[in-house]
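Novice: Build me a model from this:
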Amino acid sequence: MALPARAEGRTVNPEIERLLYQIDVILEDAGGIVDKISNEQFNWSPAPGKWSIAAALDHLNVSNSLMLATCSAAINKARADGRLSAGPYTYGFLSRWFYRAIQPPVRNRYSAPRNMQPRITASTPATLNQVLGEFQSTHERFKQVLLSADGIDLAAVKVQSPASSFFKYELGMAFWIMCGHDRRHLWQARNVRNHAEFPA
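Specialist: Residues are numbered from 1 along each chain as shown. All right, here's what the predicted structure looks like:
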């Protein structure tokens, strides 16, 4: 997969710029995974209870939408409160550990919380264009949220994880965790496509 070109002439915090580039790479990767597959292939599952490519992408659509709403509210409050910093930012051990733990290749598997379950099942399939279109629009929104965070103190502002009331992350690490979570489930989706029994 060819990597996307870096944006020219954009003046934002270097960490925001790196995150924006991560999203471009994620969008390219997702497009490659679903390239030239049918809706039947998109909804194919390797076994009962296992996610299809469609389910993996829809899980990201659901979870990213929840996280972006949380981050956007935190950004608005931080700007109103004057919690600003140009960085560089230093993040805590636990959030850095979690970011590393969710990266592919996946070694530890977790059940998605109820509010982040994919809306797609064997009995409720979806079209590739529908799910991929939402994936693309959600990630364009991710970019806009990142741009709105430029100048915010990404290490001092904390956000509550929508997955669990026990987890709070620094705002900057929440962004990195979202990207790592994307890569985790794109890895899962690519493994479905590479499955020996994937329909031709």
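Novice: From here on, just use CA atoms for contacts and neighbour counts.
Specialist: Fine.
Novice: low-scoring stretches of the chain, by residue?
Specialist: 1-9 (pLDDT under 70).
Novice: can you do 90?
Specialist: Where the chain drops to pLDDT under 90, the residues are 1-11, 49, 105-113, 120-125, 161-167.
Novice: mind listing what I102 touches?
Specialist: Counting by Cα atoms under 8 Å, 6 or more residues apart in numbering, I102 touches 108, 177, 180-181, 184.
Novice: Contact partners for Y169?
Specialist: Per Cα under 8 Å, 6+ apart, neighbours of Y169: 95, 158-161.
Novice: List just the nearest of those to N13.
Specialist: K158 (18.6 Å; Cα to Cα).
Novice: gap between the longest helix anywhere in the chain and the chain center?
Specialist: Secondary structure of the chain per DSSP state H: the longest helix is helix 53-81. Relative to the mean C-alpha coordinate of its chain, helix 53-81 is positioned 9 Å out (Cα atoms, centre = their mean, to the nearest Å).
Novice: One more: stretch 154-174?
Specialist: Centre-to-centre, stretch 154-174 and its host chain are 15 Å apart (Cα atoms, centre = their mean).
Novice: Going forward, the N-terminal residue is numbered 14.
Specialist: Okay, residue one is now 14; in that scheme the one you just asked about reads as stretch 167-187.
Novice: List the buried residues for it?
Specialist: 167-175, 181-187 (16 or more other Cα atoms under 10 Å).
Novice: quick check, nearest of the residues you listed to L33?
Specialist: Nearest to L33, judged by Cα to Cα, of the buried residues of stretch 167-187 is G185 at 12.3 Å.
Novice: ok, the closest one to S85 distance?
Specialist: Note on G185: its distance to S85, by Cα to Cα, to the nearest Å, is 12 Å.
Novice: wait, which of the contacts of I115 is closest to Q130?
Specialist: So of the contacts of I115, ranked by how close each gets to Q130 (Cα to Cα), first place is H194, at 14.0 Å.
Novice: and the residue of the chain positioned farthest from its centre, how far is that from R206?
Specialist: What lies farthest from the middle of the chain is A213; by Cα atoms, centre = their mean that is 28.6 Å. Distance of A213 to R206, computed by Cα to Cα: 10 Å.
Novice: likewise K171?
Specialist: Applying Cα to Cα, the value for K171 to R206 is 37 Å.
Novice: ranges for the strands of this structure?
Specialist: 171-173, 181-183 (DSSP state E).
Novice: Tell me which of those strands lies nearest to I36.
Specialist: Short answer: strand 181-183, nearest of the strands of the chain by Cα to Cα, at 18.9 Å.
Novice: Starting from the closest one, tell me which strands it pairs with and how they run.
Specialist: Using DSSP bridges, the strands paired with strand 181-183 are strand 171-173 (antiparallel).
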